[in-house]
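# Predicted model and sequence follow; I will ask about them next.
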Amino acid sequence: MASDPQAREILYVVLLCFVWYGVSSGNGVILKTVLNDFPYPITVTMVQLLTATVLSGPLFSLWGIRTAIDINRTYYWKLIVPLAFGKFFASVSSHVSIWKVPVSYAHTVKATMPLFTVILSRIILNEKQTTKVYLSLIPIVIGVLIATASEISFDMIGLISALLATIGFSLQHTFSKKVKKQVKLGVPSAGTLCRTGLKRCI
């Protein structure tokens, strides 16, 4: 049986997952409302990323997360800046998909993220998964195919944008893992690096 510290940590992680899913769902609904009245996904993306960049500093200070990191300039341009551009591309694609198709369908397509993450991890990080992991991806693919075939408000641009967003976020997660391994940083520091790249790109 798990000890009290382990139980608290598990509860904390589960709570974070619920909060994350709740915020993500709310974000999708709000974005759909905004894009219906203001159909400019690139502008919406820039405002969202700029807001996140501005608010990151105070939030990091509030949470006691280290914000200043010394990294090599060559390394910065080689890894951090592409990571920031990837974030921008994935966000724009995600916003286009939410604009073109129902939020529920866009998030259904994004459920294929584990599939792309496994593929990209194999290519970029040379990570091999077990047979059970590969088999667990089959229901995801089948579910998305069924949802696509039965979607009333189907839009090809929306589908392609949702797939591009999913691939982009999967690539970002895989690339972030590679960055953290190379510089041996924790999760908060890697998030800071991403925000640093976003500041330069914006």
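Good, I have the coordinates. Numbers count the residues shown, from 1 in each chain.
# Whichever strand or helix holds S176 packs against which elements?
According to DSSP states H and E, S176 maps onto helix 156-183. Under the contact definition 3 or more C-beta pairs under 8 Å, 6 or more residues apart in numbering; DSSP states H and E, helix 156-183 sits against helix 81-100, helix 103-110, helix 113-120, helix 187-201. Backbone N, C-alpha and C define where each C-beta goes, glycine included.
# May I see the buried residues of it?
Neighbour counts over helix 156-183 (16 or more other C-beta atoms under 10 Å) mark 158-159, 161-172, 174-177, 179, 183 as buried.
# Tell me how many other residues surround the nearest residue to F169 once chain neighbours are set aside.
The shortest distance from F169 to any non-neighbouring residue, by C-beta to C-beta, 6 or more residues apart in numbering, is to A90 (4.8 Å). Neighbourhood size, A90 [other C-beta atoms under 10 Å]: 20.
# And the contacts of the helix or strand containing I142?
Secondary structure assignment for I142, by DSSP H and E: helix 131-150. For helix 131-150, the external contacting residues (C-beta atoms under 8 Å, 6 or more residues apart in numbering) are 105, 108-109, 111-112, 114-115, 118, 154, 159.
# ok, the residue nearest to F169 touching A165?
Yes: the pair A90 / A165 is scored as a contact, 5.2 Å apart, by C-beta atoms under 8 Å.
# ok, the residue nearest the centre of the chain - contacts?
Among the residues of the chain, the one closest to the centroid is F169, at 4.3 Å (C-alpha atoms, centre = their mean). By C-beta under 8 Å, 6+ apart, the residues touching F169 are 90, 94, 110, 113.
# so can I have TSV of those showing distance to P41 and pLDDT?
Shown next, in TSV, are the contacts of F169 (distance: C-beta to C-beta, whole Å; pLDDT from 0 to 100):
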residue	distance to P41	pLDDT
A90	12	89
S94	9	90
K110	16	85
M113	20	88
